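Engineer: Build me a model from this:
(chains A, B, C and D)
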There are 2 protein chains.
Amino acid sequence: MSGKSDPGRSLALLWGSHTRPGRSGLTVRAIVDAAIELADAEGLEAATMRRVADKIGSGTMSLYTHVPGKAELNDLMVDTVLGELYAGVDDPSGHGGWREGLRYVAERNWDVSLRHLWLLDATGGRPTLGPNAVLKYEAELRVLDGIGLTDLQMDSVLTLVLTHVEGVARSHAGLVRAQRESGLDEQEWWRATAPVLERVMAGHDFPVAGRVGEASSQVYQASADPAHAFAFGLDVILDGVQRLMK
Amino acid sequence: MSGKSDPGRSLALLWGSHTRPGRSGLTVRAIVDAAIELADAEGLEAATMRRVADKIGSGTMSLYTHVPGKAELNDLMVDTVLGELYAGVDDPSGHGGWREGLRYVAERNWDVSLRHLWLLDATGGRPTLGPNAVLKYEAELRVLDGIGLTDLQMDSVLTLVLTHVEGVARSHAGLVRAQRESGLDEQEWWRATAPVLERVMAGHDFPVAGRVGEASSQVYQASADPAHAFAFGLDVILDGVQRLMK
DNA sequence: AGCCTGTACCGTACGACGTACGCCAACTGA
DNA sequence: TCAGTTGGCGTACGTCGTACGGTACAGGCT
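Structural biologist: Numbers count the residues shown, from 1 in each chain, chains lettered A, B, ... in the order given. Predicted structure coming up:
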């Protein structure tokens, strides 16, 4: 979701000062903060140019004086929120060995994704490469530096862990959104769905799916449990990474 | 992205006949196929109600006779495309042991995601539970049945593998979309970005990120290589799963 | 002090989107 | 034959991002 066509323009905005006010006191920082607040409260689709402008008391089109367009505003929102991740560039690598470090990285990314459910909707496409994104990359790589992996392996392992976290976090965000939009929580939805599904599946035979689905939905009380998937997958992945090491 | 509020209605549509024509020959099947063609060619956002209707030569609002709304059309598109995955319910489990079977499952899911880059944009939220989705679940679980895992572990392992594939496929789809929208391919984009990034990062010091990023982008000729991430991650995950088995 | 020019601000308008509503015409059953 | 039902669809509403052009303020010049 990087800027539509001018990487230079986007990068300059990302790395520039966001606090220099215009005639009416309007700053990039204020615009981005307002957009983040809206997205936190009502989802990314609530952070429209009109609503952001209303929130800070300016005309809609005034935003375009400070930000080239919606795509660049999204990039700014993302980079801003990535700043919440770590206390410093040595934060993750100061938590023990690579295993504890990777776990810490995964948990911090998971936390931020839960706090800002819109985050993963705003990424995808080319990476954002703002200051906080670059710092994140450096901080996370330091966990894997000097433990006997090649540079390529370091990048691959980190990507694997982050991909896992992103996947389960997206799944979690999807369920929360579905609940908000339908007004039905997970249990209510399943109670409404299960009997219809049973009726419609009559005649077909899905023995393993029936048994396993039953067991899972009994335990999770839901159609899926992202928190469990996060923990289970992370353990398996860390075990697999161990084998690369020796 | 399940139907907005009536699970029963959505399920009935998903499992019903899609070939019963109305007065003008319009069928659900034709609507869904047209939408899929548009999304394949130009992305999910091109599959609007107006354009789908134009494509099949009907009025826009006629679609609503056969489909309750956009969300349900998306569900139908997803379930239809999931039908491409396997030749039959015993296809994946007929490919050797659990390891080969899981690999086959991952590769088929990866293939379908590449063929329909919009697929992952159309999922998320509660699962779709159409006939092909249920058949997929059964077929994939059979790979893991009877090898000493609990029902919960079977579900967790499958979810882990599918989450990984989904993550890397989404990353790939994002890059393709970015290329289409910006008109710049990966190399051109990096050539335009790198010097600006270097200038803007002057003064900061990111030694590990610099070294690893350099190495990776040299090898991949891009900011990321989803195909490599797919293969690398799958190997690590399968190794990790092995340890559950012992 | 007066003016000039660049630019911050923003009102209006355009072409997209999903879809509610209501009309018409073609079928169906009596 | 006629009434009732239902498929098809034209129009219109409220949303979106943003192009365009006008207004008015700030800072640098004489």
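Engineer: Look at A:Gly96 and say how many residues are nearby.
Structural biologist: Neighbours of A:Gly96 under the rule other CB atoms under 10 Å in any protein chain shown: 11. Using the backbone N, CA and C atoms, a C-beta is placed for each residue, glycine as well.
Engineer: swap in A:Arg243?
Structural biologist: 13.
Engineer: How about A:Leu117?
Structural biologist: Number of residues near A:Leu117 (other CB under 10 Å) recorded here: 20.
Engineer: so it, which of the three states?
Structural biologist: Put simply, A:Leu117 is coil when judged by DSSP: H, G, I helix; E, B strand; the rest coil.
Engineer: tell me what the helix or strand of chain A with the lowest mean pLDDT is packed against?
Structural biologist: Least confident helix or strand, chain A: helix A:186-201 with a mean of 89, by mean pLDDT, DSSP states H and E. With contacts defined as 3 or more CB pairs under 8 Å, 6 or more residues apart in numbering or on different chains; DSSP states H and E, helix A:186-201 has these neighbours: helix A:151-182, helix B:7-15.
Engineer: Work out the gap between that helix and the centre of the chain.
Structural biologist: 30 Å (CA atoms, centre = their mean, to the nearest Å).
Engineer: now that helix against helix B:7-15, angle please.
Structural biologist: If you take axes from the mean of the first three to the mean of the last three CA atoms, to 10 degrees, helix A:186-201 sits at 40 degrees to helix B:7-15.
Engineer: where's A:Met21, which helix or strand?
Structural biologist: Let me fix one detail, which is that residue A:21 is Pro and not Met. Under DSSP states H and E, no helix or strand contains A:Pro21.
Engineer: correct me, but it touches A:Ile31?
Structural biologist: No. A:Pro21 lies out of contact with A:Ile31 (CB atoms under 8 Å); the separation is 11.4 Å.
Engineer: Comparing these two, which shows the higher neighbour count?
Structural biologist: A:Ile31 (25 against 12).
Engineer: Which residues are in contact with the more buried one?
Structural biologist: Residues counted as contacts of A:Ile31 (CB atoms under 8 Å, 6 or more residues apart in numbering or on different chains) are A:Val52, A:Ile56, A:Leu63, A:His66, A:Val67, A:Leu73.
Engineer: Okay, now the unreliable bits of chain A?
Structural biologist: Low-confidence segments of chain A (pLDDT under 70): A:1-5.
Engineer: For the spatially most distant residue from the centre of it, grab phi and psi.
Structural biologist: No residue in chain A sits farther from the centre than A:Gly203, which is 41.0 Å out by CA atoms, centre = their mean. For A:Gly203, the backbone dihedrals (degrees, to the nearest 10) come out as phi 100, psi -40.
Engineer: wait, A:Arg126 sits on B:Ala222?
Structural biologist: No. A:Arg126 is not in contact with B:Ala222 according to CB under 8 Å; the separation is 9.5 Å.
Engineer: Quick check: neighbours shared by those two?
Structural biologist: Both A:Arg126 and B:Ala222 are contacted by B:Leu175, under the criterion CB under 8 Å, 6+ apart.
Engineer: From A:Met77, how far off is the closest residue to A:Leu11 other than its chain neighbours?
Structural biologist: In space, and not counting its chain neighbours, A:Leu11 is closest to B:Val196: 4.9 Å by CB to CB, 6 or more residues apart in numbering or on different chains. Distance, B:Val196 to A:Met77, by CB to CB, to the nearest Å: 21 Å.
Engineer: Which of the two has more residues huddled nearby?
Structural biologist: Between B:Val196 and A:Met77, counted using other CB under 10 Å, A:Met77 has the larger neighbour count: 24 against 18.
Engineer: how much space is there between the more buried one and chain B?
Structural biologist: Between A:Met77 and chain B the computed distance is 17 Å (CB to the nearest CB, to the nearest Å).
Engineer: need the contact list for that residue.
Structural biologist: By CB under 8 Å, 6+ apart, the contact list for A:Met77 reads A:Val32, A:Ala35, A:Ile36, A:Ala39, A:Ala47, A:Ala122.
Engineer: wait, the first one sits on A:Leu76?
Structural biologist: Yes. Distance between A:Val32 and A:Leu76: 4.7 Å, which falls inside the contact criterion (CB under 8 Å).
Engineer: Between the two, which contacts overlap?
Structural biologist: Counting by CB under 8 Å, 6+ apart, the contacts common to A:Val32 and A:Leu76 are A:His18.
Engineer: what about A:Gly16, distance to A:Leu129?
Structural biologist: Distance, A:Gly16 to A:Leu129, using CB to CB: 14 Å.
Engineer: okay, the two: which has more neighbours?
Structural biologist: Of the pair A:Gly16 and A:Leu129, A:Leu129 is the one with more neighbours under other CB under 10 Å, namely 22 against 12.
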